[in-house]
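Peer 1: Dropping the sequence and predicted coords here.
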Amino acid sequence: MTTYKAIHGKTIQHLASDPDSSAFEGQIWFNTSSSDYKTITKVAGSWSTGGTGNTVRVTLAGGGTQTAGWVAGGESPESPNRSALHEQYNGSAWSEAADLQTGRMELYGVGSQTAGLVAGGADASSDTAASEEWNGSAWAEGDNLNLARKRGASGGTQTAAFATGGTPTGVNNEIYNGTSWAEDANLNGARYYIKGSGTSTAGLIAGGVNPSDAVVGTAEAWNGTAWTEVADLNTARGYGTAAFGTQTATIHAGGDAGPGSLAITEQWDGSSWTEVGDMGTGIRYTQGAGSASSGIQMFGYTNAKSAVTQEWDFTSTLAAGAWASGGNMNTARSFAGMAGLGTQTSAFGFGGTVAPKQQAEQYNGSSWTEVGDLNTGRSAGSGAGTQAAGLYAGGYIGPHTDASEEFDSSSWAEGDNLNNSREGLAGAGSQTAGLCFGASGHTEEYNGSSWAEQDNLNTSRYGIAGFGIQTAALCAGGGDPVTAKAETYDGSSWTEVADLNTARQYLIGAGTTTAGIAMGGGASPTWYDQTEEWDGAAWTEVADLSTARAGGVSGGTSVSSLFGGGGGSGGDVVTTEEWTVGQNIKVITD
């Protein structure tokens, strides 16, 4: 740092405020307001749920990447339990591919989705030395290992691989050159149920079980000639972790320290191990693939044999999100538009529970300003669009209504009515490509002049959160009865996806079908302050609202949103809270 400080006028920018862009990762700047040197760094990494495999299995081989992975063999519940099944992953779903020539479990495996290699393991009768190569369409027999064995570690590619450790000896090491296996320098410590990563000339193994059946944290690095002990894992474990990466940047996750599957994840930087984000589901007897920044855990044993997939991401520079106070609304109210409209600095709220239910307000990032009133006062309708081109449909007047209105930046004009009168619905999209859904399950699309009925929700409900666009929307929560169910819309039909962690109705949301946020919710006497983030596969609880409430105004994205107004235990409120996920900025102190 002394060097950087000495030349800050030449290579270090002087900035009055911190940048909010991942492009500044690794760069250093001097903040003239705080007189600090700063930089942006990656956060601890996180796991998310991927697509579930077709056939549950444990102790299988695998390889590839997060978006092009594969698994083969393993132990399945069905007889014969030495499986020959082979599946491939495309980043979201698994599909079956051509089987291995020989079914087996506890085998070695490396390579890509188009050029894979498996060796060893235990077949139906005994340990085997058999090796097979995959060419993208079929498996063919290759050169055998010199020693029949199983439960070891492997790394590399189809034409340059290592297979080391495992029973019966625990120390044997063999190198494959694409044609034949050759014995090479042994491990320093005997063990089995270990996992490896890296290449045939720069490999890494860690953990395992020693000949006394004790789990160990020992790690060794391979330089193409010899194995050298390096720093131990922080948590000793064996029994099949998910390992992936290189000799200088590797992830080891899961495993078993006895008894039970672990969720612990550790990252290796070439000199030491650091605990990072835990897996969502603890697992052992599993397989891993990919890089230390973008990896995947495939199949294994949770509390039973499983086909679970979890994806690892260590590319984000975004810090944990937080709520902060914003400017108060002019009129306290709830159920003021049941869907996001606008952004955090350009939001729009209208209608609500306060008579005559016609009020409309716009937010500029610091304060709310009253604008033209609705023609038909109401609450619990669906909103879509922007401050300059808004859309409000349905809602509650005395009975529910089918009324629809459009805003042109100054006033509201009546538009085409919905086909179905209803309240407690949600909306998405724009004024000329809008979508409303919920309350009796109905879905309707708007083209700027008329509403047309579309495919119904799978679960009929009202008081829901909704966000997205006309051809890619999400619906979450609702009642009655209160539910945690979530569904996504692709422009033609709804598909059920992972449930919210907390079931609730009258919540609000913002974002897209791959990056959204659901906030608050409830009904007297229970009000919720929970916030959950959606990553396209699963919901994760994040920082709570300061004020528990339901049915307010939302708008924006999963990293920049707001919650305005709403109703809670003390009645309707004017409170606005702003949600922000900023860059992970570090002050440099040395």
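Peer 2: Nice, thanks for sending it over.
Peer 1: mind listing what the residue nearest to residue 550 when sequence neighbours are not counted touches?
Peer 2: Spatially, and ignoring its direct neighbours in sequence, residue 550 is nearest to residue 506 (3.8 Å; C-beta to C-beta, 6 or more residues apart in numbering). C-beta: built from backbone N, CA, C; applies to glycine. Neighbouring residues of residue 506 by C-beta atoms under 8 Å, 6 or more residues apart in numbering: 334, 335, 424, 463, 520, 521, 522, 523, 550, 551.
Peer 1: Distance-wise, check residue 506 relative to residue 558.
Peer 2: Noted for residue 506: a distance of 20 Å to residue 558, by C-beta to C-beta, to the nearest Å.
Peer 1: Need the nearest residue in space to residue 202, chain neighbours excluded.
Peer 2: Sequence neighbours aside, residue 247 is the residue nearest to residue 202 in space, at 4.2 Å (criterion: C-beta to C-beta, 6+ apart).
Peer 1: OK, contacts around that neighbour?
Peer 2: The neighbours of residue 247, taking C-beta under 8 Å, 6+ apart as the test, are 197, 198, 199, 202, 203, 204, 221, 222, 270.
Peer 1: quick one, phi/psi of it?
Peer 2: Torsion angles at residue 247 (phi, psi; degrees, to the nearest 10) stand at phi -70, psi -20.
Peer 1: again with residue 393
Peer 2: phi -140, psi 140.
Peer 1: pLDDT averaged over stretch 548-561 - what is it?
Peer 2: Averaged over stretch 548-561, pLDDT sits at 93.
Peer 1: which parts of that stretch are buried?
Peer 2: Within stretch 548-561, the residues that count as buried by 16 or more other C-beta atoms under 10 Å are 548-561.
Peer 1: Out of the contacts of residue 506, the closest to residue 89 would be?
Peer 2: Nearest to residue 89, judged by C-beta to C-beta, of those is residue 521 at 34.6 Å.
Peer 1: From residue 331, how far out is the closest residue to residue 336 other than its chain neighbours?
Peer 2: Once flanking residues are discounted, residue 336 sits nearest to residue 352: 3.8 Å by C-beta to C-beta, 6+ apart. For residue 352, the distance to residue 331 equals 7 Å [C-beta to C-beta].
Peer 1: And the pLDDT for residue 80?
Peer 2: As predicted, residue 80 sits at a pLDDT of 74.
Peer 1: got it, and residue 589?
Peer 2: Turning to residue 589, the model gives it a pLDDT of 86.
Peer 1: Pull the number of nearby residues for it.
Peer 2: 7 (other C-beta atoms under 10 Å).
Peer 1: in this structure, what spans have low per-residue confidence?
Peer 2: 1-10, 337-340 (pLDDT under 70).
Peer 1: Next, residue 373: phi, psi?
Peer 2: Dihedral angles for residue 373 - degrees, to the nearest 10 - are phi -70, psi 150.
Peer 1: Give me the neighbour count for the nearest residue to it once chain neighbours are set aside.
Peer 2: Excluding its sequence neighbours, the residue lying closest to residue 373 (C-beta to C-beta, 6+ apart) is residue 358, at 3.9 Å. Look at residue 358: counted by other C-beta under 10 Å, it has 17 neighbours.
Peer 1: cool, residue 27 as well?
Peer 2: By the measure other C-beta under 10 Å, the count of residues near residue 27 is 14.
Peer 1: Thought residue 40 was touching it, still the case?
Peer 2: Yes. With contact defined as C-beta atoms under 8 Å, residue 27 counts as touching residue 40 (7.2 Å).
Peer 1: So residue 92 versus residue 542, what's the distance?
Peer 2: Separation of residue 92 from residue 542 (C-beta to C-beta): 24 Å.
Peer 1: Those two - which one has more neighbours?
Peer 2: A direct count of neighbours by other C-beta under 10 Å for residue 92 and residue 542 places residue 542 higher, at 18 against 12.
Peer 1: just to revisit the earlier point, in contact with the residue nearest to residue 336, which residues?
Peer 2: Residue 352 touches 331, 333, 334, 335, 336, 359, 379, 565, 572, counting by C-beta under 8 Å, 6+ apart.
Peer 1: residue contacts, the fifth one?
Peer 2: Contact criterion C-beta under 8 Å, 6+ apart gives 349, 350, 351, 352, 353, 379, 551, 552, 553, 564, 565 as the residues in contact with residue 336.
Peer 1: Now the first one: closest residue in space, sequence neighbours ignored.
Peer 2: The shortest distance from residue 349 to any non-neighbouring residue, by C-beta to C-beta, 6+ apart, is to residue 553 (3.5 Å).
Peer 1: thinking the one you found is in contact with residue 561, fair?
Peer 2: No. Residue 553 is not in contact with residue 561 according to C-beta under 8 Å; the separation is 10.5 Å.
Peer 1: between these two, what contacts are shared?
Peer 2: Counting by C-beta under 8 Å, 6+ apart, nothing touches both residue 553 and residue 561.
Peer 1: about what we covered before: most surrounded residue in the contacts of residue 506?
Peer 2: Taking other C-beta under 10 Å as the neighbour criterion, residue 521 ranks highest of the contacts of residue 506 with 32 neighbours.
Peer 1: gap between that residue and residue 273?
Peer 2: With distances taken as C-beta to C-beta, residue 521 is found 41 Å from residue 273.
Peer 1: same deal with residue 94?
Peer 2: 30 Å.
Peer 1: can you check residue 245 too?
Peer 2: Distance of residue 245 to residue 273, given as C-beta to C-beta: 12 Å.
Peer 1: tell me which element the residue nearest to residue 550 is part of?
Peer 2: Counting by DSSP states H and E, no helix or strand carries residue 506.
Peer 1: Could you tell me the end-to-end distance of stretch 176-187?
Peer 2: Its first and final residues considered, stretch 176-187 spans 17 Å by C-alpha to C-alpha, to the nearest Å.
Peer 1: what do you get for stretch 254-268?
Peer 2: 15 Å.
Peer 1: Report the buried residues of it.
Peer 2: In stretch 254-268, counting by 16+ other C-beta under 10 Å, buried: 254, 255, 256, 257, 261, 262, 263, 264, 265, 266, 267, 268.
Peer 1: What backbone torsions are found at the residue lying farthest from the centre of the chain?
Peer 2: Ranked by distance from the centre of the chain (C-alpha atoms, centre = their mean), the top residue is residue 356, with 43.1 Å. The phi/psi pair for residue 356 (degrees, to the nearest 10) reads phi -90, psi 20.
Peer 1: quick one: contacts for it?
Peer 2: Counting by C-beta under 8 Å, 6+ apart, residue 356 touches residue 377.
Peer 1: gap between it and residue 397?
Peer 2: Applying C-beta to C-beta, the value for residue 356 to residue 397 is 10 Å.
Peer 1: what sits in contact with each of the two?
Peer 2: Common neighbours of residue 356 and residue 397, using C-beta under 8 Å, 6+ apart, are residue 377.
Peer 1: before we move on, back to that, distance of the residue nearest to residue 550 from residue 568?
Peer 2: 11 Å.
Peer 1: for residue 333, same thing?
Peer 2: 12 Å.
Peer 1: Lovely, talk soon.
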